[in-house]
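Chemist: One predicted model, sequence on top.
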Amino acid sequence: GAVVSQHPSWVICKSGTSVKIECRSLDFQATTMFWYRQFPKQSLMLMATSNEGSKATYEQGVEKDKFLINHASLTLSTLTVTSAHPEDSSFYICSAKLQGPIYEQYFGPGTRLTVT
Amino acid sequence: GENVEQHPSTLSVQEGDSAVIKCTYSDSASNYFPWYKQELGKRPQLIIDIRSNVGEKKDQRIAVTLNKTAKHFSLHITETQPEDSAVYFCAASINAGNMLTFGGGTRLMVKP
């Protein structure tokens, strides 16, 4: 149980275009999902916290107009990278938590974004 | 906000030896400390976690210790095997399900 999927697993796009990444909790409902970015050989950095039915909370330094997050249902959150640039190339990972006072977060497999 | 520092950044051990990775955190309100193993290009996998009401937790070859007063926690891997080679991350959070702040990671290499 507690499986999180992401789609696509990898994507290559041209500079200036937008890319949407989906994060789904397959066998549980997730009121909260998190989006992380991981550059090569670096740690995971939280970008935003996504709560179902409300606006995402962005971390300092993350442009909310560039990284659009939508959490429209209890099983799906999407991250749209708008007007992508080569410096946005990274590994994007989502995680989700079960409802209630549960500590563990379940991570998706990640999406490798390459902007050319 | 919370800041988590992790040492060492790289660790090379001989198969069968023990490995110890240490983390310190800054926010005394943090009460949940998970450890993740990440292989190249894969998702982080939770290997063990500890809450602030416990000082030590063990699961087979893996153990975690927590010193709340000093605000540091450590991962201990005994009888290391080549398949333990990966990047290990510590993390901290305040209360259930809140955001995780990750340490910088430790690349563990176990030489056969």
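Modeler: Structure received.

Chemist: Spell out which residues of chain B are next to chain A.
Modeler: Residues of chain B lying close to chain A (C-beta under 8 Å from any C-beta of the partner chain) are B:32, B:34, B:41-46, B:49, B:51, B:89, B:93, B:96-97, B:99-105. Yep, even glycine has a C-beta here, placed from its N, CA and C like the rest.

Chemist: Now go through the residues you listed and say which are in strands.
Modeler: B:32, B:34, B:45, B:46, B:49, B:51, B:89, B:101, B:102 (DSSP state E).

Chemist: what about residue A:87, which SS state?
Modeler: With DSSP: H, G, I helix; E, B strand; the rest coil as the basis, residue A:87 sits in helix.

Chemist: roughly how far apart are it and residue B:105?
Modeler: Residue A:87 sits 21 Å away from residue B:105, going by C-beta to C-beta, to the nearest Å.

Chemist: So for those two, which sits in the more crowded spot?
Modeler: Between residue A:87 and residue B:105, counted using other C-beta atoms under 10 Å in any protein chain shown, the more crowded position is residue B:105 (23 against 9).

Chemist: The more buried one contacts residue A:43, correct?
Modeler: Yes: if you go by C-beta atoms under 8 Å, residue B:105 and residue A:43 touch, sitting 5.1 Å apart.

Chemist: Quickly list what's touching both of these two.
Modeler: residue B:89 (C-beta atoms under 8 Å, 6 or more residues apart in numbering or on different chains).

Chemist: Any buried residues in stretch A:62-74, and which?
Modeler: Within stretch A:62-74, the residues scored as buried using 16 or more other C-beta atoms under 10 Å in any protein chain shown are A:62, A:67, A:68, A:69, A:71, A:74.

Chemist: Touching, residue B:35 and residue B:90? I think so.
Modeler: Yes: counting by C-beta under 8 Å, residue B:35 does reach residue B:90; the two are 5.5 Å apart.

Chemist: who has more neighbours, these two?
Modeler: residue B:90 (29 against 24).

Chemist: Distance of the more buried one relative to residue A:93?
Modeler: Residue B:90 is 17 Å from residue A:93, by C-beta to C-beta.

Chemist: give me every residue that touches residue B:11.
Modeler: Contacts of residue B:11 by C-beta under 8 Å, 6+ apart are B:19, B:21, B:106, B:107, B:108, B:109.

Chemist: Quick check: the third one touching residue B:23?
Modeler: No: assessed by C-beta under 8 Å, residue B:106 is found out of contact with residue B:23, at 9.1 Å.
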